[in-house]
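*Asks:* Next comes the sequence, and after it the predicted model I'd like to discuss.
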Amino acid sequence: GTIMLYSMTGYGRAEAILKDKTCLIEVKSLNGKQFDVRLNIPSILKPIEVEIRNTLNEHLFRGSVECSIAVRSNGASKPVNINKELAKSYYQPIVELADELGIGKENILSTLLKMPDVVSSTNEVLSDEEKQAIFNLLKQAIDLLNIHRQTEGKSIELDLLERVAGIEAQQAAIALLEPNRRTKIKEGLIKLLEQNVGPDKYDNNRLEQELIYYIEKIDISEERVRLTNHCAYFKSILAEKDPNKGKKLSFVLQEMGREINTTGSKANDVDIQKAVIVMKDELEKAKEQILNVL
């Protein structure tokens, strides 16, 4: 079936020649709680910066995204424009640096000309078809990144399903230990009474009432029902078509943790306690994986 889970991590790269220019786009994403973009684009693309950001947001949803776009002119020489004010503002700190390091200043001009945006082609503007071509290229890079995210998502999904199966297996083990626990509690109480009150001196009705009260207090059947439901819900979210589901899954894991903890604190039984520890371990591993899920 189609992969329903995406990782937040991915990489995509696309390059194309647009008439007299070459354009290279690289997009990287890592996990992050929100969506934030670091954009590295040449000044010729500044007019469409907002659209570029929106396109990234629309297709990547969440994560820490880095996108760099390079546009180079191929051959055809155009008149250039030197931004003198900008060059002057670069000049002072560069001279100071050269002095501090005791380096000669012969090559200072060539350094200045290489600084960002000092030299630009005169009043160069992107044509509409160039803009369109750049957005098509951006989509290509994003699609490649998403394929990457999907591949990683597949292995995360398998891992998460394994963790939930692990929790469910412990649940089944606890279900088998449950009935025996009541007998153990009853025997323990009788033993206490016989030691302190003497055999046959205690009131049987009173014993039954104490037992009912005690067993109710440590009853974990509700926790078991809820945990079973949470596990089923978790798996159903995994199967949903919406790729953006990390936060939802994370929330369900928290709920699962709550039931597992209560089961642990009510357990009063070494074997159930062991099962709870295994469940907690599976849950922690699942929570770690969720951090990478879109």
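*Replies:* Right, received. Where do you want to start?
*Asks:* Against G104, how distant is P42?
*Replies:* 31 Å (Cβ to Cβ, to the nearest Å). (Each C-beta comes from the backbone N, C-alpha and C, glycine too.)
*Asks:* ditto for K88
*Replies:* Distance check for K88 against G104: by Cβ to Cβ, it reads 20 Å.
*Asks:* Please say which of these two ends up with more neighbours.
*Replies:* K88 (11 against 7; other Cβ atoms under 10 Å).
*Asks:* ok, and that one, which helix or strand is that part of?
*Replies:* Element membership of K88 [criterion: DSSP states H and E] is helix 84-101.
*Asks:* Alpha carbons only: can I get that helix in PDB?
*Replies:* Once non-C-alpha atoms are left out, helix 84-101 reads as follows in PDB (Å, rounded to 0.1, in the frame of the first residue of the first chain):
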ATOM      1  CA  LYS A  84      29.800  51.100  -4.500                       C
ATOM      2  CA  GLU A  85      28.000  51.900  -1.200                       C
ATOM      3  CA  LEU A  86      27.900  48.200  -0.400                       C
ATOM      4  CA  ALA A  87      31.600  47.700  -1.400                       C
ATOM      5  CA  LYS A  88      32.600  50.700   0.800                       C
ATOM      6  CA  SER A  89      30.700  49.200   3.800                       C
ATOM      7  CA  TYR A  90      32.600  45.900   3.300                       C
ATOM      8  CA  TYR A  91      35.900  47.700   2.900                       C
ATOM      9  CA  GLN A  92      36.500  49.000   6.400                       C
ATOM     10  CA  PRO A  93      36.000  45.600   8.300                       C
ATOM     11  CA  ILE A  94      38.200  43.800   5.700                       C
ATOM     12  CA  VAL A  95      41.000  46.400   6.100                       C
ATOM     13  CA  GLU A  96      40.800  46.100   9.800                       C
ATOM     14  CA  LEU A  97      40.900  42.300   9.600                       C
ATOM     15  CA  ALA A  98      44.000  42.500   7.200                       C
ATOM     16  CA  ASP A  99      45.800  44.700   9.700                       C
ATOM     17  CA  GLU A 100      45.000  42.500  12.700                       C
ATOM     18  CA  LEU A 101      46.300  39.500  10.800                       C
END
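*Asks:* and E26, what is it in contact with?
*Replies:* Contacts were defined as Cβ atoms under 8 Å, 6 or more residues apart in numbering; by that measure E26 touches 11-13, 67-69, 141.
*Asks:* I'd like the next helix or strand past the helix-or-strand element of the chain with minimal mean pLDDT.
*Replies:* Least confident helix or strand, the chain: strand 119-121 with a mean of 74, by mean pLDDT, DSSP states H and E. The element immediately downstream of strand 119-121 (helix or strand, assigned by DSSP H and E) is helix 128-196.
*Asks:* Just checking, which helix or strand succeeds that following helix along the chain?
*Replies:* The helix or strand immediately downstream of helix 128-196 is helix 204-217, counting by DSSP H and E.
*Asks:* Report the buried residues of the helix or strand just after that next one.
*Replies:* As assigned by DSSP H and E, the chain's next helix or strand after helix 204-217 is helix 221-239. Within helix 221-239, the residues that count as buried by 16 or more other Cβ atoms under 10 Å are 223-224, 226-228, 230-231, 234, 237-238.
*Asks:* For helix 221-239, what does the pLDDT average out to?
*Replies:* Averaged across helix 221-239, pLDDT comes to 96.
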